[in-house]
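Trainee: Give me coordinates for this.
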Amino acid sequence: MIAHRLGLAAVVRSATKPNVFFRQNIPRMVLASAMSTSQARPISTQKLSREEGQQVLANQRLNRPVSPNLGIYKIEQTWFGASAWTRITGCVLSGAAYVYFTAYLASPLLGLHVESAALASSFAALPFVVKGAIKFTLAFPFTFHFINGIKHLVYDLGIGFAKTQIKRGEAALWILSFLGGGYLAFGL
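Mentor: A predicted model of the protein is given here:
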């Protein structure tokens with residue numbers, strides 16, 4: 001409403017000022033004087049009971065569009081999408097940290113041994129395959145989350161928005177995440 005009035009005020013002001021392109025002010029003044037600065041609303045109200053009001057709302061809801069089901073999306077964009085997996089890996093990493101730190105704080109009260117020496121000795125007693133699986137389970141979410149965070153920082157620079165670049169970036173993200181998780185699990 002205010003913008004509408006300001007726009008009309010600008011037209012009225014410009015009608016009285018000389019213009020380089022239009023030397024005749026008369027057509028503009030006629031146009032400005034014909035415009036109304038008051039606002040007209042062709043709205044009428046009526047008193048409705050509570051039930052009638054609920055019925056009006058129910059009828060309006062029937063005319064609203066239905067949100068699309070996830071089935072209309074391509075599976076590679078929803079299931080293998082890096083955005084969803086970044087959230088999942090972030091939740092896994094933070095959840096594992098909360099569980100460990102809560103257990104570490106509660107261990108003296110419960111008589112558990114969660115200190116570093118006890119964890120290292122019990123972890124050393126595990127078979128190689130189990131140790132590798134545990135380390136990869138922790139290393140893969142870390143590397144995926146880290147590499148995808150770097151990819152999003154590159155996106156923030158405005159780089160890599162072409163479809164081919166996105167596809168190559170997704171493939172590189174998954175490959176580097178598996179290689180990095182494998183290196184952290186078995187290479188160190």
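Trainee: and residue 160, how far is that from residue 166?
Mentor: Taking C-beta to C-beta, to the nearest Å as the measure, residue 160 and residue 166 are separated by 7 Å. Glycine gets a C-beta too; all of them are placed from N, C-alpha and C.
Trainee: which residues in this structure form helices?
Mentor: With DSSP state H as the definition, the chain shows helices at residue ranges 2-16, 26-34, 50-62, 75-78, 82-110, 116-124, 128-156, 163-182.
Trainee: okay if I get those as JSON lines plus mean neighbour count, mean pLDDT and distance to residue 41?
Mentor: As requested, the helices of the chain are exported to JSON lines (neighbours: other C-beta atoms under 10 Å; pLDDT from 0 to 100; distance: least, C-beta to C-beta, whole Å):
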{"stretch": "helix 2-16", "mean neighbour count": "12", "mean pLDDT": "57", "distance to residue 41": "12"}
{"stretch": "helix 26-34", "mean neighbour count": "12", "mean pLDDT": "62", "distance to residue 41": "20"}
{"stretch": "helix 50-62", "mean neighbour count": "9", "mean pLDDT": "90", "distance to residue 41": "19"}
{"stretch": "helix 75-78", "mean neighbour count": "11", "mean pLDDT": "59", "distance to residue 41": "45"}
{"stretch": "helix 82-110", "mean neighbour count": "13", "mean pLDDT": "92", "distance to residue 41": "44"}
{"stretch": "helix 116-124", "mean neighbour count": "10", "mean pLDDT": "92", "distance to residue 41": "72"}
{"stretch": "helix 128-156", "mean neighbour count": "15", "mean pLDDT": "93", "distance to residue 41": "44"}
{"stretch": "helix 163-182", "mean neighbour count": "14", "mean pLDDT": "92", "distance to residue 41": "47"}
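Trainee: closest one to residue 40 among those helices?
Mentor: Of all those, the one in closest proximity to residue 40, counting by C-beta to C-beta, is helix 2-16 (11.5 Å).
Trainee: Tabulate the helices of the chain (JSON lines), appending distance to residue 188.
Mentor: What follows is the helices of the chain, written out as JSON lines (distance: least, C-beta to C-beta, whole Å):
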{"stretch": "helix 2-16", "distance to residue 188": "62"}
{"stretch": "helix 26-34", "distance to residue 188": "78"}
{"stretch": "helix 50-62", "distance to residue 188": "58"}
{"stretch": "helix 75-78", "distance to residue 188": "32"}
{"stretch": "helix 82-110", "distance to residue 188": "18"}
{"stretch": "helix 116-124", "distance to residue 188": "14"}
{"stretch": "helix 128-156", "distance to residue 188": "8"}
{"stretch": "helix 163-182", "distance to residue 188": "11"}
